[in-house]
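# Structure for this input, please:
(4 chains)
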Amino acid sequence: MTDAIQPAGRGDRAIISVRNLVKYFPIESGLLRRQVGLVKAVDDVSFDLNDGETLALVGESGCGKTTTSHCIIQAQRPTAGEVHFRIGDTRPVDLTKMEKADLKKARRNIRMIYQDPYSSLNPRMTLLQIIGEPLKIHGQVKSQDELRARVSDLLRLVRLDPSTLNRYPHAFSGGQRQRIAIARALSLSPKVVIADEAVSALDVSVQAQILNLLKELQRELGLTYLFVAHNLAVVKYEADRVAVMYAGKIVEIGETEELYTCPKHPYTEALISAAPNPDPDTKNRPRIVLTGDVADPGNLPGGCSFHPRCRYAEDLCKQETPPLMELSAAGEPSHQSACHFADRLSLAGIGAAELTTDRDAA
Amino acid sequence: MLIYIFRRLLVMIPVMILISVIGFIIIQAPPGDFVSSYIAGLEAQGDIIEPELIDSLRARYGLGEPVYVQYWKWVSNFVEGDLGYSMVYREPVVDIIAQRLPSSFTISLFSLVLVFAIGIPIGVFSATKQYSLADYTFTLVGFLGVATPNFLLALVGLWLLFVWTGNASIGLYSPEMQNAPFGPAKFLDLLSHIWLPALIVGTAGTAELIRTMRANLLDELPKQYVTVARARGVKPTKLLYKYPLRIAINPVISTVGWLLPVLVEGEVLVSLVLGLPTIAPVLLRSLLQQDMFLATSIIMILGILTLVGTLLSDILLAIVDPRIRGSV
Amino acid sequence: MTIESPRETGAAVASLPSDDLLLSVRNLRTHFFSREGVVKAVDGVTFDVKPGEILGIAGESGCGKSVTSQSILRILPKNGKIVDGQILFRYGDQTVDLAAEDPDGRVMRDIRGQEIAMIFQEPMTAFSPVHTIGNQIIETIRIHQQVTKEEAHDQAVEMLRRVGMPNPARNIDEFTFNLSGGMRQRAMVALSLACQPKLLIADEPTTAVDVTIQAQMLELLRDIQADLGMAIIMITHDLGVIAELTDRVMIMYLGKEVEAGTVENVFHRPQHPYTRGLLSSIPKMEPGRVEIEPIEGSVPSPYAMPSGCKFHTRCTEFMAGVCEKRDPPLIEVAGGHEVSCFLYGGREDLE
Amino acid sequence: MTQTADVRTVQTEAVAEQADERVLVASQWQLVRWRFLQHKLAVISLIVLGLFYSVAIFAEFVAPYDPTEFREELTLAPPHKIRFVDPEGNFHLRPFVHPFEKTLDEVTYAAIFIEDETVMQPLGLFVKGDPYKLWGLFESDIHLFGLQDPDARLSLLGQDTVGRDLFTRIVYGSRISLTIGLVGVAMSFFLGILIGGLSGYLGGTVDMVIQRIIESLRALPTLPLWMALSIALPHDWPVVRTYFFIVIILSTVGWTSIARVVRGRFFALREEDFVGAAELDGASNLRVIFRYLLPSFMSYIIARLTLAIPQMILGETALSFIGLGLQPPAISWGVLLNDAQAIRVLALSPWLLLPTAFVVVSILAFNFVGDGLRDASDPYSHV
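Residues are numbered from 1 along each chain as shown, chains lettered A, B, ... in the order given. Next up, the predicted model:
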């Protein structure tokens, strides 16, 4: 089915093209480690990451957004699928087929920032060592002096005082540590940065600092971000395009403003409705409260994985898995949804005054 | 649960095999084959050996055949209950072990009871009164207990006993009770004798238990479910024993199994020093005099005990802890 | 809120400043004593809760919001002490000063669970892992009510049904590790509501959960509150949750109240530079581009608290010679809307 | 996924703001040292151990006599009373002893040692005595202390059953007793890191096989195993060779627990983001192991090792005590205690139990140091 969307991201601008990405984890049990099931963490995911944009992967825990990002950078090897990476006009290369040495080179251009700034920095190394490590490994510096100069520049880039480069991470607060992690990610002048819940662990005031820093760096350095997050408001602020994931699949992908104001998948609608808004005026707005828990990727319901919680579900949803379909006309920015009734439902996004409460609206 | 026990039993098989291999290596370790040394031993004592006996021995243990055949023959015999013949005691090994093992067990069991009776309350007390004078005292005593080897404690104990009473024989029963049928009187007599060895054997274990219990409880006490229970109005005493103690004691329960062989082991040296009629002196003598069947059998039995103990403790743990019960 | 009740008045003669209050916390100071020094986690906090109202206490990590709730229930960690202040609570037809009670004494134990109950952040660890959830709910009921085991059991099942457990009769005999995240949350609410308390303290109950579960939780709290009519103190760092649920809000920073008032006042007309900074730090779920503006710097160390106004090190309105000199007083800027900032007065006697 | 806006932020910032530059640029080992120094008992124990090991190293110099030289007439002589006041009541700045006069009990024929108060034998530092070769290299006859009269015998801790100086023998015995633990642990350490590291790094089937083997080894009763293995050592082997085989025997059990710890830490650390980040940085396997993994658990491993040493010391003492370990003429604390088994001798000469005190003190000291190290080993645990 995904063939239909092949040119979806208006391909020519794509720096990373993910095609039919699959990552299954076996569930083993018993003494003989028989495989008794599969956790379908990522199940046939395709999308393009365009040069210079911020694409957000958003969803609840266990939806596969982090695994997807790990499979792109090959921190985990995907079970199937392709991840094409291309710089400028060069020929795209498939990261999933790469040997270790080539991957090492490719990873200079795709770097990662982690969620927990406490776990992601080696407490036993100074800033100089932490940030300088990639430079040394890739042979980018010739002398210790050059290293110091480069690290100082990087610290300045993330608005930290370069005189602190002999300090250890324990000398820094959570927000400052995240800046250090960003400096490390930028040390090799990458094209793409994957930010895996990079602001989730931070306090609100510090989170805002990091969000703005990431934006400034993107402008200054022309970076492309894959922004993995669960906070819809943060994503709304940071991303150009958003891909919503549920149970290992992308259920909706489109331009941020469009997706938030005119969602085309009931799950997106529910997420938007559930996100708490710091405005007491919206206190009494009608909300969609999903029943039950997020689908268990080790034991998915048949058909559309979302159907048990979906208020629009019909018999068809229990039987057939809906493909991701293009909804916008040619020439308009792409907006895709994986819902059988995407074009029929009128769903409420942000700013919607009324919420359809009638179950049979479809 | 049954499946769990079955699975655990299955896992024990390779371990058993390893133990038997080590046992066999021990038999093979001394120079020459054991029948020769056996014969040499008998001849030294002036016995005349019939060639038929030699041949039957050689055939029975497959001497001259490849090592794995010898091993197989020995293991088959062992499994069938034929533990061999003791040269030193001139008795079947089974009989010697049957005589001695019960007293070893008695001492170990008493130690076990003492270890728990002393260790758990003190550990709990220490944890609830953390950083108090009593806590420091018990911690220090605990350290001392762990640092002092049992046999040295036994030696010092024996010396003190001798200095105070002029008597250095301990035994498990008074001479007049030695052959009396077992009854309440004999049991009381046993109690009056066994406390010293049991205490000495249990010292290190008790000290260790105090430390574990204290640490476990200190780990549990700040956990949220305790705070929640407190926030529900649960009484302080119940707050201690219903929740954290119950959980802190789980790992301790699981140690019951392996504590037993450890105590048997500790009992070996203590019995040697105190001259108790347990399996220990037999083991030492058999080792020193290279009475290999006897020595190997004792080691094998201790090894199997350890395994059974571990199994028991795992089953116990699964019974007391629903989290483990759920996952097995 | 100008009533100053000195500590020595004690429990017996304490009385609530107003008849229509359920709880009145006056000038509460809770400090933590450790080898590294004293942490003034709560340093002079005053607020009231009326029966049936929902009060929000909000702030970033280290602001003392959780310590405030632990102080009310007297379940502070060992090294935490209430060094000053009163916690006046309407208990039957009398008023008790919870701050003066023995934390493990009869009165405190009777109040916990029965009068004031608490919901915690982590439902997984709120239940003992080796007891069924029913065991703990029934225990709570039987501590506070003279009922048989069977009656308590029926009450527990009823409460589980009320919080929306799918199969209460069976769920009651389950362990937490067998329940899904959403069900654990509900079980925990059932546990805290077992005795239908007059005051429910919810300490970050929605922090560790997914957004759809969070929505379920908020809806449950709203329903239960409408149903049982208890007062709720909602403690959270998420201003969105505050806006969705509460009537009034108190914003805290480094152990102090910086601003308090109705949610509408505080969110629409924030007065304190910290409140303003906080609100402008949050990305909004509104159509169109809405810029955010972070607060500069980071929260200072609790061991090296700034002098004067605790926020002056990060404040854009910092007035040298004023803000670092003295604690700003609480000033009422509108009906029930109070701010602790020199911008609104209180510096007359400062040179 | 969860928003762990937790107390760590507060605490770290506490460290950051309160401390001066010294703390901010303090490396792991400096932090470990500072935390260790706060543990008073551990520091005292470390000093005690330092003292013990210096004595062991300079045994020839510290011990006043030759450990094998016996004086029949002094068999089982008790310890001297070191005196400062002579029978006339005069105080002497230099301590002295009265020599023993041996008589026989007329009834039991037991030897009775009476101090001859007419003779005063002063003690001295750096006195001349039995000649020795320090470490087999430097010849000398100067001893740290002793009686100034080279022919007289100072009985500091009494004499043994054949009239050898017990203190001297304890000093010499410390060489074997204290080093056997170190060598054994070094060996366990090597095996443990190697096998545990392999198990943790390779995982999968290799890991499972190694884990089963370790479980089996741990299921074996330690002491009987040691006993059994040690009788396989021929009695006529030279001391050094026996020593090394005993070490190997003691290590058979020791390495398994180290291997488990290493493996456990390995797994835990591989989950840490900074290790994953290093791999994505392009760091080679070796670089990850040596720059990230090893430094991260080294301090912890060292703490564990310190706690393992006393087990080995105890093992040697126990084996030698029952006559299965080192044999005379080798001198170790266990061998010395072997002498103390006869209760009737012991009753009259309780000083023969004194090596016990040395065993207990050194084990206690190792335990305290290990405890202190363990507490200090992860200076980042509270952040």
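# what about the longest helix in the chain?
Unless you meant another one, I'm taking chain A. Counting by DSSP state H, the longest helix found in chain A is helix A:204-221.
# Correction: the question concerned chain D.
Taking DSSP H as the criterion, chain D has its longest helix at helix D:166-202.
# Does that helix reach chain A?
No: using C-beta under 8 Å from any C-beta of the partner chain, helix D:166-202 never reaches chain A; the gap is at least 16.0 Å. C-beta: built from backbone N, CA, C; applies to glycine.
# which helices and strands does that helix pack with?
Contacts defined by 3 or more C-beta pairs under 8 Å, 6 or more residues apart in numbering or on different chains; DSSP states H and E place helix D:166-202 against helix D:40-57, helix D:59-62, helix D:204-219, helix D:239-270, helix D:294-321, helix D:333-338, helix D:354-377.
# show me where the stretch 251-362 of chain A has helices.
Here the stretch 251-362 of chain A has its helices, by DSSP state H, counting those that start in this stretch, at A:256-261, A:266-274, A:315-319.
# Quick one: distance of the first one to the chain centre.
Between the mean C-alpha point of helix A:256-261 and the mean C-alpha point of its chain there is a distance of 17 Å (C-alpha atoms, centre = their mean, to the nearest Å).
# Need the residues that contact it.
A:56, A:232, A:235-236, A:239-242, A:244, A:252-253, A:268, A:272, A:333, A:335, A:349-351, C:285, C:287-288 (C-beta atoms under 8 Å, 6 or more residues apart in numbering or on different chains).
# just to revisit the earlier point, for the longest helix of chain D, list every residue counted as buried.
Neighbour counts over helix D:166-202 (16 or more other C-beta atoms under 10 Å in any protein chain shown) mark D:166-181, D:183-185, D:187-189, D:191-193, D:195-201 as buried.
# Select, out of the helices and strands packed on helix D:166-202, the one closest to B:Asp314.
Shortest distance between B:Asp314 and the helices and strands packed on helix D:166-202, using C-beta to C-beta, is found for helix D:204-219: 11.9 Å.
# ok, that closest one near chain B or not?
Yes: using C-beta under 8 Å from any C-beta, helix D:204-219 reaches chain B at D:212-213, D:215-217, D:219.
# Can you lay out these as CSV showing neighbour count?
CSV is the format used below for the residues of helix D:204-219 next to chain B (neighbours: other C-beta atoms under 10 Å in any protein chain shown):
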residue, neighbour count
D:Arg212, 14
D:Ile213, 17
D:Glu215, 18
D:Ser216, 21
D:Leu217, 20
D:Ala219, 21
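# Relative to D:Pro355, which of those is nearest.
Nearest to D:Pro355 out of the residues of helix D:204-219 next to chain B is D:Leu217 (C-beta to C-beta; 30.7 Å).
# any idea how far the closest residue to B:Leu217 other than its chain neighbours is from C:Phe89?
Once flanking residues are discounted, B:Leu217 sits nearest to B:Ala127: 3.8 Å by C-beta to C-beta, 6 or more residues apart in numbering or on different chains. B:Ala127 sits 32 Å away from C:Phe89, going by C-beta to C-beta, to the nearest Å.
# Comparing these two, which shows the higher neighbour count?
Taking other C-beta atoms under 10 Å in any protein chain shown, B:Ala127 and C:Phe89 do not tie; C:Phe89 has more neighbours (27 against 23).
# The helix or strand containing that one close to chain B?
According to DSSP states H and E, C:Phe89 maps onto strand C:80-91. No: figure legend: strand C:80-91 not in contact with chain B (C-beta under 8 Å from any C-beta); closest approach 11.9 Å.
# what about that strand, near chain D?
No: judged by C-beta under 8 Å from any C-beta, strand C:80-91 stays clear of chain D, getting no closer than 12.8 Å.
# which secondary structure elements does that strand contact?
Strand C:80-91 packs on strand C:23-34, strand C:37-49, helix C:65-73, strand C:94-97, helix C:106-111, going by 3+ C-beta pairs under 8 Å, 6+ apart.
# What are the contacting residues of the third one?
Outside helix C:65-73, the residues that touch it by C-beta under 8 Å, 6+ apart are B:231, C:23, C:25, C:28, C:30, C:32, C:41-42, C:45, C:57-59, C:76-77, C:80, C:82, C:87, C:89, C:98-99, C:112, C:116, C:118, C:201, C:203-204, C:233, C:235-237, C:252, C:255.
# quick one on the thing from earlier: would you verify that the residue nearest to B:Leu217 is located in a helix?
Yes: assignment of B:Ala127 by DSSP: H, G, I helix; E, B strand; the rest coil places it within a helix.
# mind checking how far it is from chain D?
B:Ala127 sits 17 Å away from chain D, going by C-beta to the nearest C-beta, to the nearest Å.
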